[in-house]
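In: just coords:
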């Protein structure tokens, strides 16, 4: 065991972690692992839909780069630029939904943090250590470790055999509110914002609209998350989030859940990867 740990951690900065997805929870994982000293690379789809955009690295797909709590991800199109960004202390992000960069990068760790509630193509043979976040993966079958993503007592627990809890479809409770705090698109069409992330709102305030139909706040609080203006949506899609705690600074910092999942991913890598390579 000691030999394996020495092999990995003799130079932790050379351990490459490839993360599929760059949404809110994936970004929390990336931030924690970057701060832990690992070399990271993120992959995303061409048009990601993020609600908590101020803490999502997938915003770099549209804006070129995104900084979350002092750590910056930058979009690149040429894999040859990955090493350059590593030297600059940045996280490279590629639009690569099929995860083709894996063949070139040969990472020691692959983390599927898409949170699609199903496996969209991750296999245990993708890397020495493969980790899946949430339901849709079976530890010991298609990934080595599953991380529990459901809020509650087991949030962040490492699962070495079996699956995470099934998706409940119910938003997590914040200050006594669940479904009430979530904003949804009222129709198919183009989403247009009326308010901005960080704005204080009261019940009945119009926060956005789709095809002339308003998206209204059901509770008082701050707009913690909101889709990008001009994005195409479908009826019922989650379009925003009102935080009843009304703490504006929380709109721009990593959530407790994302930090927990980041810590769990760091634990999984530190605990399991040395065992995989011995």
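Out: Received it, and whenever you're ready, just let me know what you need. Remember, it's a predicted structure, so these values are computed and weren't measured experimentally.

In: show me which positions of the longest helix anywhere in the chain end up buried.
Out: When the chain is parsed with DSSP state H, its longest helix is helix 256-277. Residues of helix 256-277 classed as buried by neighbour count (16 or more other CB atoms under 10 Å): 257-269, 272-274, 276. In short, each C-beta sits where N, CA and C put it, glycine included.

In: stretch 58-65 too?
Out: Of the residues in stretch 58-65, 58-61 count as buried by neighbour count, 16+ other CB under 10 Å.

In: residues touching the closest residue to residue 267 other than its chain neighbours, list them.
Out: Excluding the flanking residues, the one nearest residue 267 by CB to CB, 6 or more residues apart in numbering is residue 158, at 6.6 Å. By CB atoms under 8 Å, 6 or more residues apart in numbering, residue 158 lies in contact with 145-147, 264, 267-268, 271.

In: can I get those residues in JSON lines with pLDDT?
Out: JSON lines is the format used below for the contacts of residue 158 (pLDDT from 0 to 100):
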{"residue": "145", "pLDDT": "98"}
{"residue": "146", "pLDDT": "98"}
{"residue": "147", "pLDDT": "98"}
{"residue": "264", "pLDDT": "98"}
{"residue": "267", "pLDDT": "97"}
{"residue": "268", "pLDDT": "97"}
{"residue": "271", "pLDDT": "93"}
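
In: any chance of those residues in a markdown table, plus distance to residue 35?
Out: Below are the contacts of residue 158 laid out as a markdown table (distance: CB to CB, whole Å):
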| residue | distance to residue 35 |
| --- | --- |
| 145 | 20 |
| 146 | 23 |
| 147 | 18 |
| 264 | 15 |
| 267 | 14 |
| 268 | 16 |
| 271 | 18 |
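
In: and the furthest pair within those residues?
Out: Between any two of those, the greatest separation by CB to CB is 14.0 Å, found for 146 and 271.

In: where along the stretch 51-200 of the chain do the strands fall?
Out: Per DSSP state E, counting those that start in this stretch, the stretch 51-200 of the chain carries strands over the ranges 65-68, 71-75, 91-95, 109-112, 129-133, 145-147, 158-159, 182-184, 189-193, 200-201.
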